[in-house]
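> Structure for the following, please:
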Amino acid sequence: MHLFFDLDGTLTDPQVGITACIQYALQKLGRAAPPRASLTRYIGPPLLDSFRELLGSQCDAERALAHYRERFARVGMFENRVYTDIVDALSALGEQHAQAMYIVTSKPTVYARDIVAHFNLDRFFRQVYGSGLDGSLTDKGELIDFVLREEQIAARSTVMIGDRRHDMAGARCNGLSAIGVLWGYGSRRELVESGAHRLCASPDRLQDCVEQCR
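Numbering: from 1, shown residues only. Take a look at the predicted model:
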């Protein structure tokens, strides 16, 4: 069995870094920045879409994304923490599914690789797959399809593990099983309505949930 893991909200909690960078980007454009607590809904979806929603225009969204990346590359990506019990869960899964785990995130690959290495999580994963800085592969369904083809993996033997509707919908449209995790930024309702086959309440239950997908 092959396991695809989302990054933000699934393995690590990036709330401080992402929300601070969104505020920074809006302030650089001379816009009022909402409180951080109201920005957590933008953790997970492609950021250009989020800025387009916040600002109302493609041009402003692209400028905001550039400002976001200024701060994120410098400090924001490390304003982050690994969720409690994730390392133990990955260790247990790695022993059972050796060489079969991948990061599959909408975050640009260049940032995702640095974050995974910074927290010493790269030892668990065969490869880290993300989007391009040019906006390619930000759609989770397209990204999952790309990884399946790149690694020559069968969808029927693969499980997507994530915390947002994009993970569940992306898995469903590619024929993968989907596990929605409840410690991230998607609600139980969001995960169920977007097609989660199973819900996982805590990292220490992850191995059982994966076994149920066999």
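> doesn't Val104 fall inside a strand?
Yes. Assessed by DSSP: H, G, I helix; E, B strand; the rest coil, Val104 belongs to a strand.
> Let me know the distance separating the closest residue in space to it that isn't next to it in sequence from Ser177.
The spatial neighbour of Val104 that comes closest, neighbours along the chain excluded (CB to CB, 6 or more residues apart in numbering), is Phe4 at 4.2 Å. C-beta: built from backbone N, CA, C; applies to glycine. Per CB to CB, to the nearest Å, Phe4 is found 10 Å from Ser177.
> joint contacts of the two?
158-160, 171 (CB atoms under 8 Å, 6 or more residues apart in numbering).
> Nearest to Asp208, out of those residues: which one, please.
Nearest to Asp208 among those, counting by CB to CB, is Val159 at 12.7 Å.
> Show me what the closest one is bridged to.
Leu3, Ser177 (DSSP bridges).
> wait, what's in contact with it?
Contacts of Val159 by CB under 8 Å, 6+ apart are 1-4, 171, 176-179, 210, 213.
> For my notes, please list those residues in a markdown table and give distance to Leu48, neighbour count and pLDDT for each entry.
Formatted as a markdown table, those follow (distance: CB to CB, whole Å; neighbours: other CB atoms under 10 Å; pLDDT from 0 to 100):
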| residue | distance to Leu48 | neighbour count | pLDDT |
| --- | --- | --- | --- |
| Met1 | 33 | 16 | 90 |
| His2 | 29 | 20 | 95 |
| Leu3 | 28 | 23 | 96 |
| Phe4 | 22 | 30 | 98 |
| Ala171 | 22 | 29 | 98 |
| Leu176 | 25 | 26 | 97 |
| Ser177 | 29 | 22 | 97 |
| Ala178 | 24 | 24 | 98 |
| Ile179 | 27 | 28 | 98 |
| Val210 | 32 | 22 | 94 |
| Cys213 | 32 | 18 | 88 |
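> where does the residue of the chain most remote from its centre land in three-state SS?
The centre of the chain is farthest from one residue, Gly30, which by CA atoms, centre = their mean lies 28.9 Å away. Secondary structure, three-state DSSP: Gly30 is coil.
> For Leu55, see how far away it is.
In terms of CB to CB, Gly30 sits 11 Å off from Leu55.
> roughly how far apart are Cys21 and Arg74?
Per CB to CB, Cys21 is found 10 Å from Arg74.
> which of those two has more neighbours?
Remark: of Cys21 and Arg74, Cys21 carries more neighbours, 27 against 10, as counted by other CB atoms under 10 Å.
> quick one: buried residues of the helix or strand hosting the more buried one?
Assigned by DSSP states H and E, Cys21 belongs to helix 15-28. Within helix 15-28, the residues that qualify as buried by neighbour count (16 or more other CB atoms under 10 Å) are 15, 17-26, 28.
> Tell me the first helix or strand C-terminal of that helix.
Remark: after helix 15-28, the chain's next helix or strand is helix 47-55, criterion DSSP H and E.
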